[in-house]
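S.K.: sequence and predicted structure below; questions after.
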Amino acid sequence: MIVFRDPAEVPEGFGPSVVAIGKFDGVHAGHRAVLERAQVDASAGAKVVAVTFDRNPLSLLRPELCPDDLIGVTQKLQLLAETGIDATLVLRFDEALAGLSPREFVERVLVDALGARTVLVGTDFRFGKGGAGNPDVLRELGAELGFRVDVVGDVRQVDSDRRVSSTWIRELLSQGDVETAARLLGRPHAVWGEVVHGAKRGRELGFPTANLSSDLEGFIPADGVYAGWLVDEGPAGDADRLEPRRTTRYPAAISVGSNPTFDDVVERQVEAYVLDETDLDLYGRIVEVQFTARVRGMVAFEGIDPLIAQMTDDVVRVRSLLA
């Protein structure tokens, strides 16, 4: 997948293209429905392009209402690449972009840069200064400027008939319900970042953990202990993550929180103990930590021995869940 960071980077004559526009936060089942529809529409030979943003537009327009992202930009690009689309244009959402009228946005991005022939959006799509553009406005501009607009309906969860959305997934993760979140995402929820040195307390207790940097990507679920997987992607600073690379996947017991048994941990941490590995050196490596099931909530223990006993039991339960 080709990644463009500005419309000016798109080479002349790149189109024709079928374009799907959205925040794509989580690249969940609803987003993939739009992208799959785009790939069907492009069967005549047009390129399939996702147009998205480097941040949630609300972070600029209404920061007090802006939720935490489900995934970071690196994660988003990897997930979009895995769908098989041809390219992604990541627009920097700044004052200049926010100030474009709907017509200016369409002409500069969709027509001039991408040569759009079909544009796909969700029912709640808004664009242009002040959110003046909507699917109806986009259709009017498309009729004038030479592209068709498809509005893709909501994907709903069968059991609840609730619309699959980033908001719902965020609610589930905040409750620690990573299993339902995974069904809506179509994969386990994950965080991604570099392994850094911690207090090394896990090693002292017999359960050495890989501590993720505080600037990791991805929404951190509720405090607690989880069963999941650690995927080693290699040293930090290696080649572009979008390129195929060798990875190693390990079963892991994952702790999220501030370790309330001790009083010297200020920030919430994500740390993963790779089952049966006591000498694995992951410092300075990029890893993805995937959450598959919640084992328990976070508890403060009265001393080290009860903590070690609970951690031993946690590992047994994690092993069973991952079997």
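M.R.: Cool, the structure landed.
S.K.: shaky segments in the protein?
M.R.: Low-confidence segments of the chain (pLDDT under 70): 199-204, 238-240, 244, 260-266.
S.K.: so who does the most centrally placed residue in it touch?
M.R.: Among the residues of the chain, the one closest to the centroid is residue 71, at 2.6 Å (Cα atoms, centre = their mean). Counting by Cβ atoms under 8 Å, 6 or more residues apart in numbering, residue 71 makes contact with 25, 26, 27, 79, 217, 218, 219. No exception for glycine: its C-beta is placed from N, CA and C like everyone else's.
S.K.: how about residue 109?
M.R.: So residue 109 contacts 7, 51, 89, 91 (Cβ under 8 Å, 6+ apart).
S.K.: which stretches of the stretch 201-323 of the chain form helices?
M.R.: Secondary structure of the stretch 201-323 of the chain (DSSP state H, counting those that start in this stretch): helices located at 201-204, 304-322.
S.K.: so which of the contacts of residue 71 wins on neighbours?
M.R.: Neighbour count (other Cβ atoms under 10 Å) singles out residue 26 as the most crowded of the contacts of residue 71, with 29 neighbours.
S.K.: assumed that residue was part of a helix.
M.R.: No. Counting by DSSP: H, G, I helix; E, B strand; the rest coil, residue 26 is not found in a helix; it is coil.
S.K.: looking at it, it is touching residue 68, isn't it?
M.R.: No. Between residue 26 and residue 68 there is no contact under Cβ atoms under 8 Å: 11.5 Å.
S.K.: what sits against residue 21?
M.R.: 50, 51, 52, 119, 120, 121, 125, 127.
S.K.: what about residue 110, distance to residue 88?
M.R.: With distances taken as Cβ to Cβ, to the nearest Å, residue 110 is found 14 Å from residue 88.
S.K.: neighbour-wise, which of these two wins?
M.R.: residue 110 (26 against 23).
S.K.: for the more buried one, list the residues it contacts.
M.R.: With Cβ under 8 Å, 6+ apart, residue 110 has these contacts: 19, 51, 116, 119, 145, 147.
S.K.: dump these into CSV; add secondary structure, neighbour count and distance to residue 284 as well.
M.R.: Output for those, formatted as CSV (DSSP: H, G, I helix; E, B strand; the rest coil; neighbours: other Cβ atoms under 10 Å; distance: Cβ to Cβ, whole Å):
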residue, secondary structure, neighbour count, distance to residue 284
19, strand, 28, 39
51, strand, 26, 34
116, strand, 27, 42
119, strand, 29, 43
145, helix, 14, 50
147, coil, 24, 47
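S.K.: show me which pair in these is furthest apart.
M.R.: Among those, the pair separated by the greatest distance (Cβ to Cβ) is 51 and 145, at 15.6 Å.
S.K.: sec struct for residue 68, please.
M.R.: coil.
S.K.: how far away is the nearest residue to residue 52 once chain neighbours are set aside from residue 231?
M.R.: Residue nearest to residue 52 in three dimensions, not counting chain neighbours: residue 24, with 4.9 Å by Cβ to Cβ, 6 or more residues apart in numbering. Residue 24 sits 21 Å away from residue 231, taking Cβ to Cβ as the criterion.
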